[in-house]
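# my questions are about this predicted structure, shown below with the sequence.
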Amino acid sequence: MFNVNCFVIQTKNISFQYQKNDAVFTFPDINLGKEEPLLILGKSGIGKTTLLHIIAGLLNPKSGEVTIDGTNLQSLNSKQRDQFIGKHIGLVFQKNFANRSLTVLENLEARLFFSGKTANKNNIPNLLKALQIEGCQTQKINELSEGQLQRLGIALAVIHEPKLILADEPTASLDDDNCQNVMQLLINQAKTNKSNLIVITHDQRVKSLFQNILTL
Ligand SMILES: Nc1ncnc2c1ncn2[C@@H]1O[C@H](COP(=O)(O)OP(=O)(O)OP(=O)(O)O)[C@@H](O)[C@H]1O
């Protein structure tokens, strides 16, 4: 029987096509229990980012459905879907899209404003400390190092305590030490916030940190 207390992410029969004459991608079903990190591996071009964007509600599948914590994304209209994504999903990209004219603190405050969770403002100092960038609060984005930017990307994805964190190649540009560091920080933040975590990558170095691995 379905346990209503058990937070799950499910994808069912997902297929996708960019343009009419393009190849059709079909993806295996995903069924994630509460706080169960998933690593999705696969060679370049296989469709990892495409799948991640479908799970994030940024792309509409040709067929199939995505359900996050009981909400079927395909049943929402575009406004409802945008609100759902803003509130419940955190995205970590390989390159982060922080606003360069704002400071670190202002970027985080803006993220909270758009998620509607401004009360989380009090958590910013602790989060920055956990990510070892507490000294960067008043710095502008272009004053940060690559490693600091990567950590800010995680902060922006988790500050609103989303139900689901999706990370697209978060370690691709990092050396071995920073790769392990950043992945561990991401996993720890997901645990702290009781968020589900899905990471896609072709970076085999992160494999050992996950028990749940799906290869496309
Ligand atoms: N907007 C688009 N329009 C048409 N084709 C696209 C579009 N975006 C991606 N594709 C194609 O779809 C395929 C899958 O792309 P996707 O980015 O999902 O792969 P990936 O597995 O994440 O690759 P990588 O590991 O190199 O990032 C590729 O052949 C790509 O060229």
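Good, I have the coordinates. Numbering: from 1, shown residues only.

# rest of the way, CA atoms for contacts and neighbours
Fine.

# how is the residue positioned nearest the centre of the chain assigned, secondary-structure-wise?
By C-alpha atoms, centre = their mean, the chain has its centre lying nearest to Leu166, at 2.0 Å. Assigned with DSSP: H, G, I helix; E, B strand; the rest coil, Leu166 falls in the strand class.

# test my guess that it contacts Ile89.
Yes - under the criterion of C-alpha atoms under 8 Å, Leu166 makes contact with Ile89 at 7.4 Å.

# which neighbours do the two have in common?
Ala56 (C-alpha atoms under 8 Å, 6 or more residues apart in numbering).

# near the ligand, which residues of this structure are found?
Counting by C-alpha under 6 Å from any ligand atom, the chain comes close to the ligand at 18, 43-50, 202.

# try it again with 5 Å
Contact residues (C-alpha under 5 Å from any ligand atom) of the chain with the ligand: 18, 44-50.

# scan those and report the most crowded one.
Within these, Lys48 tops the neighbour count with 23 neighbours, counted by other C-alpha atoms under 10 Å.

# now it: closest residue in space, sequence neighbours ignored.
Ile200 (6.3 Å; C-alpha to C-alpha, 6 or more residues apart in numbering).

# so the one you found, which of the three states?
strand.

# ok, it - contacts?
39-41, 48-49, 52, 167-169.

# and Lys129, which helix or strand is it part of?
helix 124-130 (DSSP states H and E).

# what pLDDT, on average, does that helix get?
Mean per-residue pLDDT for helix 124-130: 90.

# check which residues of that helix are buried.
For helix 124-130, the buried set under the neighbour-count rule, 16 or more other C-alpha atoms under 10 Å, comprises 124, 127-128.
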